[in-house]
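>>> Take a look and give me a structure for this.
(chains A and B)
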Amino acid sequence: MGRPLIVGAIVFALAALGLETLWTVRARSASLGPLIGQPVAFYHSVHAGELKIDCLYCHPKAETAPVATLPSLELCMTCHRYISPTHPEIAKGRAHWDEGKPVRWRRVTRLPDHVRFVHHMHLAGDIQCKDRHGDLTKVKVLPQRRFCMGWCLDLHRKKDASTDCGTCHY
Amino acid sequence: MAEQESKRRISRRDFLKLLTAGAAGSFLAGCAGPPGPDEAVPYYQDPPAGAAGESVWYATVCRMCPAGCGIRVRTVEGRAKKIEGNPEHPISQGRLCALGQAGLQHLYNPDRITRPFRRLGSKIQPVQWDEGISLVADAIRKANARGPGRVAIWTGPVRGTRRVAVEAFAQASGARHATFSPFAPGPERAAHRQFYGSTFLPTYELAEADFVLCLGADYLERWLSPVYYGVAYGKFRQGRENARGYLIHVSPRLSMTAANADEWIPVRPGTEGALALAIANVLLSEGLARRPQAVAEQALDHYSPEWAAQITGVPTETIIRIARLMGRAQHPLVLAGGPAAAHTNGTQNILAGLLLNELTGQRTWRLTLSYADTMLDLFYWRPRRYALAEAQQLVTDMRMGSIEVLLVLDSNPVFELPRSLGFVAAADKVGLIASLPSFPDETAAISDVVLPDHTYLERWAVDAPDPQPRTMTLSMQQPVTTPLYDTWSAERALAQTALNVDPSAPTRINLRDDKELALDVVSGFAGALLSAFWAEVSGAGARGFWSREPHAPAPPVKGCPPGWIEPRFQPEGGLHLLPYPTVAFWDGSGANLPWMQEFADPMTSIVWDSWAEMHPQTARKLGIRDGEVAVLSTPWGEMRVAVVLHEGLHPDVVAVPVGQGYTAYGRYARGTGANPLALLAPLADEQSGALAWAATKVQVKRTGKKADLVRMAHRPKPLPGSEVIRIAKGPKPL
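Numbering: from 1, shown residues only, chains lettered A, B, ... in the order given. As a prediction, the model looks like this:
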């Protein structure tokens, strides 16, 4: 191997490492919280990013109900009975399915108890999922997020939505 | 016995009627169990029609104060989100006070004790539950081996199934059960026992009255059942088309209730009974009494308005005017209690109020009698006296070293007991102190073993409110969420300890956990139809558990000893100290809730602090300015507190709210104000034995330092020329 090639490989490796670090730092700073471990490593970047599956396929209630809901294990297994069944992470999900137990995910978002957030009203108001949750097509592991009232109010003002206390606190 | 049986049959039939009505609730079925606080657990398989994100309401009972209001708690995905009054509950009737609303901060309080621990010197060592129980049980076994009477359990006002559990524990492990609560209505109870022979507190029909004379009873704040009387007060004032009730409040301090009255009559502390006797005298001498036979002839002749004017400081004309207003009213009512009962002559003051009710002839209130036997059977429900002597005796025994094991439940004696009793020094002589609190507090701080209790939103109980509302009421308390931490209900902890001490305990039947005890009571009523009844009273959407049968009317007068006893005060000289329970903190137990700390006091608008109210004249004499720090001292201690000038106060009185001054009750109650209970003299009401919490006198000294009080609506001086509120003469009553 010629010397230029070695130098090129090292430069490439360093650049890749730097980009990866930068990406992680950005992801962390945007998330306002730590990345947390889940019982099954589910990648939003694969499902929503590479495969371009619509958010509402797995979270259909967001369009019709106050909460978006997490998909049932049955919905996961609809595809993963056949797609990559031997992948180690999918095997973990499969094990839950065989035992008849749902996956107990760790929460990444939690609103205070005195706030009500109604998903379907926001979707009806043409708010995109990524406006609130960030662009998950590029995120491997979902980071924990905190939402502060000022952030909500900014969005309400921008959209000319009500800023009465009773709109969210009731 | 036959009569008792018949009562039992009636009550059971009555409860069975409930089975036909209402929707039966059910628990959400799931094979995974409810999610923990940091988990999100989706369905294993989607249900046919999902209800995720929808509110699920549970009916249960508020335990933030002793009133026992029925509440409904909105939960979403296993988390309690909002507490409201239960519209079907006969006490709360759909309403709830601010303290009840703040129950969520009780549940989610960041200072909760999350698991059992023991104290080794200055270190805290977490222990497993079995280990914690064994530590206590071993100590009890050793103490019992050395002789009887060496174990004690100290509780606040426990009742219902919790009372059953405590009594069963005491019996099984040979423990003495002592109770104390500074604001328990002991004198009110003793007066009713003497006057009507009734063990239970009555329900006053405030809503039906057209004239109310309040002798100290601050029913809009914390007297007996504030939500029930708050609703009744609304009806008394505005519930009828052509009548607006007229309210006169007699008390040394202008409380929120007094501020809502048409007239506030300031009296010398402890002389409310003298005023009532003089009013009775006028009613009799002017022929205005509807039932003059309620009192022996000439029995009240000594108590002339002139005599009372000397004692109470209320002008003779005012006394005569009140008597005439009362005599002319169609439905007059006297409510006596609160500060009027908090003296060495407390019971006598209340008796004078009862006598007035009887003379005016309106049987406008009822007593809990028809179900009393059944309830006594179920709960050993004979009300306790909460006598100061009981606490004093136990403290003395502790000091003498004859108590080796002390358990503490639903009480914080280090904070609540006057320092004059010397509880802390006596506790040093006790071999092992075990406490069962949900939060760290001053008593837990000196305990060797701490076995944390569930909060009321995480446990089962059947509650028997006292006083009862108009209808016979037992309330089902059920958990609205799974326990957040590694806590046990105190019922379970006590049962396990007693069974560990003696596996063949004779009271084994009642040594159960909270749910089993509640189920026992319910099965006593529902018999064979238990499962249907259980679905009716528990689970999501359930309505609760009570009868619609009204209580019996008041029985004939049993004994009527009118008389006047001079109140005693300690020490001689100084100003009267009036510590009072507040809307926000009740007896102080609400002080660890930030919403309640943020709750602006209705009279002074102060938040996050203590203060001492003082009449401007008195302050001028002492050279104290508004907002200045003063030192209040008694022979038993002193406190530094900001003085707030308040014209709504008798000039001889300095009033301090109770509830601040904690040192170990979590982050929100730390460093806020001072505790006036610590300064009190060890004086008790002579007839009931209850702590006379308004019988202490204090010396007040100025410091010249300015306090850092936060007043939400403070305007130090009226703006020149401003006339925000014009004082006008009101319409004549009645």
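
>>> Residue A:48 - nearest residue in space that isn't next to it in sequence?
Nearest non-adjacent residue to residue A:48, counting by Cβ to Cβ, 6 or more residues apart in numbering or on different chains: residue A:137, 4.9 Å away. All C-beta atoms are positioned from the backbone trio N, CA, C, and that covers glycine.

>>> which SS state does the one you found fall under?
helix (DSSP: H, G, I helix; E, B strand; the rest coil).

>>> That one: neighbour count?
When neighbours are counted by other Cβ atoms under 10 Å in any protein chain shown, residue A:137 registers 16.

>>> Just to check, it is in contact with residue A:49?
Yes: Residue A:137 sits in contact with residue A:49 when judged by Cβ atoms under 8 Å, with a separation of 3.6 Å.

>>> circling back: if I pick the residue nearest to residue A:48, what's in contact with it?
For residue A:137, the contact set (Cβ atoms under 8 Å, 6 or more residues apart in numbering or on different chains) comprises A:44, A:45, A:48, A:49.

>>> and of the residues you listed, the nearest to chain B?
Lowest distance from chain B to these (Cβ to the nearest Cβ) belongs to residue A:44, with 14.8 Å.

>>> wait, the closest one sits on residue A:135?
No: between residue A:44 and residue A:135 there is no contact, the gap being 9.5 Å when judged by Cβ under 8 Å.

>>> So if I had to pick from these two, which one is more boxed in?
Neighbour totals were compared for residue A:44 and residue A:135, and residue A:44 leads with 20 against 15 (other Cβ under 10 Å).

>>> Which pLDDT value belongs to that one?
Listed pLDDT for residue A:44 reads 90.

>>> and the closest residue to it other than its chain neighbours, what does it touch?
Nearest non-adjacent residue to residue A:44, counting by Cβ to Cβ, 6+ apart: residue A:136, 4.0 Å away. For residue A:136, the residues meeting the contact criterion (Cβ under 8 Å, 6+ apart) are A:44, A:45, A:48, A:49, A:129, A:130, A:142.

>>> which residues are there in chain A that come within reach of chain B?
Proximity of chain A to chain B, by Cβ under 8 Å from any Cβ of the partner chain, involves residues A:61, A:65-67, A:69-75, A:100-107, A:113-114, A:119.

>>> Report the buried members of these.
Buried by 16 or more other Cβ atoms under 10 Å in any protein chain shown: A:61, A:65-67, A:69-73, A:75, A:102-105, A:113, A:119, out of the residues of chain A next to chain B.

>>> element containing the closest residue to chain A within the stretch 101-250 of chain B?
Closest residue of the stretch 101-250 of chain B to chain A, Cβ to the nearest Cβ: residue B:104 (6.3 Å). Per DSSP states H and E, residue B:104 falls inside helix B:103-107.

>>> quick check, distance from that helix to the centre of its chain.
Distance, stretch centre to chain centre, for helix B:103-107: 18 Å (Cα atoms, centre = their mean, to the nearest Å).

>>> For the buried ones among the residues of chain A next to chain B, name the two members farthest from one another.
Using Cβ to Cβ, these span at most 28.3 Å, a distance reached by A:75 and A:113.

>>> Just the buried residues of stretch A:157-170, please?
A:161, A:168.

>>> how does chain B divide into domains?
Listed by automatic domain parsing, the domain ranges of chain B are B:2-108+B:459-486+B:526-550, B:117-183+B:386-450, B:187-366, B:575-711.

>>> Let me have the ones you listed in a markdown table, adding mean neighbour count and mean pLDDT as columns.
Shown next, in a markdown table, are those (neighbours: other Cβ atoms under 10 Å in any protein chain shown; pLDDT from 0 to 100):
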| stretch | mean neighbour count | mean pLDDT |
| --- | --- | --- |
| domain B:2-108+B:459-486+B:526-550 | 19 | 72 |
| domain B:117-183+B:386-450 | 20 | 95 |
| domain B:187-366 | 22 | 91 |
| domain B:575-711 | 20 | 95 |
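
>>> Residue B:470 against residue B:90, yeah?
Yes: in this structure, residue B:470 is within contact of residue B:90 by Cβ under 8 Å, at 6.5 Å.

>>> For whichever residue of the stretch 551-700 of chain B sits closest to chain A, which non-adjacent residue is closest in space?
Residue of the stretch 551-700 of chain B nearest chain A, by Cβ to the nearest Cβ: residue B:595 (9.9 Å). Of all residues not flanking residue B:595 in the chain, residue B:102 sits nearest, at 4.4 Å (Cβ to Cβ, 6+ apart).

>>> wait, what's in contact with that neighbour?
B:64, B:590, B:593, B:595, B:596.

>>> what's the farthest-apart pair in those residues?
Farthest pair in these, by Cβ to Cβ: B:64 and B:595, 11.6 Å.
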